[in-house]
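Novice: Give the three-dimensional model of this entry:
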Amino acid sequence: MIAVRLPQLAYGLMLVAAIALTVTFGSILRNPPASGHIDPGIRSATTPPGTGDPDRIQIGAVGVVEPSSQQINIGANVSATITDVFVTPGAKVSRGDKVFALDARIAQATLDLRRRDLATAQARLAQARARVPGLQAEVEAARTTVEAAQSDYEEASDLAQIATALLTGNSITAREATRRRNALRTALARLSEARARVVLAEANLSLFDEVRGGASIALEIAAVEQERGSVSLAEMEVELRTVRAPEDGTVLQVNVRPGEFAQASALSVPLIVMGRITPLYARVDIDEADIARLLLDAAATASLRGSARSRLDLHFVRVEPLVVPKRSLSGQLTERTDTRVLQVIYEIVGDVDTLWPGQQLDVLIQGNRQSPAFQPASDDKVAKRQF
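Specialist: Next up is the predicted model:
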């Protein structure tokens, strides 16, 4: 009995399996798999549906939202420890507002020293100018001495002449005549000395008299200006310890904390990132294969990643006329760049409240198969082209 039922059970199982397989194939044939999504960044140019114009195409590209001022990476002017941070992400700043401060103790001490040196130089200049009246008095005294010496010389000259005349008549002794001639020579020497003192006094006065050139005064003035320049340099060193916003904008990222050391160099992670986010721009990468079909003044739209139904209008701003390697956005160190792109800047029009700098956009640009955007042109045409 059991031996008779086993073959019947095997035939039944085979029949069930055949029926299940037939049902499966029928289901696959009735419901084919859906086609995969094509990334706009790698989508080829296609004719827009419903246009009926084979010359009108759409160029798919990928864009990145960026501030209209581009991303401004703020760094330190000098390497020092950060003492204060005055902004937070999202804060709006104006040109010249404080962003963060560095340790300025050494710079402040240097400034105080330079100011004392300036005060000393100014005191020396005032002292030099105060000598002018005294030197003028010395010149007047020397001139008076010359007049007195001149009178003594004339008196001695007259006595010497009289002695010479009286000596021939034996009215005066030879000794007296010799004494008078000696007195004349002494008076002449005193007159020469007095005249020399006048020259010396006038020379001293000319060193300090600004009307006459005043070399000593000029030297002291130069010393004052030099110290004043040192003070300005020290003030600049102190000012450089306070980093300020280069223009109006919004703080996008803060990567500094008090107590950290700020390096004055190009950093892989900027200390502070800011930019002007009104309006927002989109930097769109156009594949080099689509450059010839690009129309710069054509209509363009963008949609957010994850929200394909939302559409934003894009208005052409400029094109950066240098084809560059495509920037990788995945962060993979092993990626290789084998594509070059032309970067076109558009202004994002519409509801931008939901946009953030750095977001990626899927962009569609109207193109034309027969109208290349860039053709070989002369220098004059290049100069007239709107970038």
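Novice: Hmm, Ala262 and Ser79 touching each other?
Specialist: Yes. A contact is recorded between Ser79 and Ala262 when judged using C-beta atoms under 8 Å, the distance being 6.6 Å. Bear in mind the C-beta positions are built from the backbone N, C-alpha and C, glycine included.
Novice: Distance-wise, check the closest residue to Gln360 other than its chain neighbours relative to Trp356.
Specialist: Distance criterion C-beta to C-beta, 6 or more residues apart in numbering; nearest residue to Gln360, sequence neighbours excluded, is Arg305 at 5.3 Å. Arg305 is 12 Å from Trp356, where distance means C-beta to C-beta, to the nearest Å.
Novice: now swap in Arg129 and tell me
Specialist: Applying C-beta to C-beta to Arg129 and Trp356 gives a distance of 66 Å.
Novice: Tell me which of these two has more neighbours.
Specialist: More neighbours surround Arg129 than the other of Arg129 and Trp356, with 17 against 10 (other C-beta atoms under 10 Å).
Novice: Do you know the pLDDT at the more buried one?
Specialist: The predicted structure scores Arg129 at 89 on the pLDDT scale.
Novice: Please apply the same query to Ser35.
Specialist: On the pLDDT scale, Ser35 gets 44.
Novice: Neighbour count: Ser79 and Ala262, which is higher?
Specialist: Ala262 (20 against 11).
Novice: Can you report how many residues neighbour the closest residue to the more buried one other than its chain neighbours?
Specialist: Nearest residue to Ala262, sequence neighbours excluded (C-beta to C-beta, 6+ apart): Ala76, at 3.9 Å. When neighbours are defined as other C-beta under 10 Å, Ala76 has 21 of them.
Novice: residue ranges with poor pLDDT in the protein?
Specialist: Residue ranges of the chain with pLDDT under 70: 1-13, 16, 23, 25-56, 167-171, 308, 327-338, 369-387.
Novice: In the stretch 101-250 of the chain, mark out all the strands, start to finish.
Specialist: With DSSP state E, counting those that start in this stretch as the definition, the stretch 101-250 of the chain shows strands at residue ranges 242-244, 249-254.
Novice: Identify, out of these, the most deeply packed stretch.
Specialist: The highest mean neighbour count among the strands of the stretch 101-250 of the chain belongs to strand 249-254 (a mean of 20), with neighbours defined as mean count of other C-beta atoms under 10 Å.
Novice: which helices and strands sit right next to that strand?
Specialist: For strand 249-254, the packing partners by 3 or more C-beta pairs under 8 Å, 6 or more residues apart in numbering; DSSP states H and E come out as strand 56-67, strand 92-93, strand 272-275.
Novice: Name the strands paired with the shortest one and say parallel or antiparallel.
Specialist: Strands that pair with strand 92-93, judged by DSSP bridges, come out as strand 249-254 (antiparallel).
Novice: Any idea how far the partner strand is from the middle of the chain?
Specialist: Taking C-alpha atoms, centre = their mean, to the nearest Å, one finds the center of strand 249-254 at 18 Å from the center of the full chain.
Novice: What of stretch 353-367?
Specialist: Computed by C-alpha atoms, centre = their mean, the chain-centroid distance of stretch 353-367 equals 30 Å.
Novice: Check which residues of that stretch are buried.
Specialist: Residues of stretch 353-367 classed as buried: Leu355, Pro357, Gln360, Leu361, Asp362, Val363, Leu364, Ile365, Gln366, Gly367 (neighbour count, 16 or more other C-beta atoms under 10 Å).
Novice: Enumerate every residue touching the nearest residue to Arg228 once chain neighbours are set aside.
Specialist: For Arg228, ignoring the flanking residues on the chain, the nearest one in space by C-beta to C-beta, 6+ apart is Leu118 at 5.8 Å. Residues near Leu118 by C-beta atoms under 8 Å, 6 or more residues apart in numbering: Val224, Glu227, Arg228, Ser230, Val231.
Novice: would CSV of those residues with distance to Arg124 and neighbour count be doable?
Specialist: As requested, the contacts of Leu118 are arranged in CSV below (distance: C-beta to C-beta, whole Å; neighbours: other C-beta atoms under 10 Å):
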residue, distance to Arg124, neighbour count
Val224, 8, 20
Glu227, 10, 19
Arg228, 13, 16
Ser230, 15, 18
Val231, 16, 20
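Novice: Hmm, Val273 and Gln70 touching each other?
Specialist: No. The pair Gln70 and Val273 fails to qualify as a contact (C-beta under 8 Å) at a distance of 10.7 Å.
Novice: who's more crowded, those two?
Specialist: Taking neighbours as other C-beta under 10 Å, Gln70 and Val273 compare with Val273 leading, 21 against 13.
Novice: Not counting sequence-adjacent ones, nearest residue to the more buried one?
Specialist: Closest residue in space to Val273, ignoring its immediate chain neighbours: Gln253 at 4.0 Å, by C-beta to C-beta, 6+ apart.
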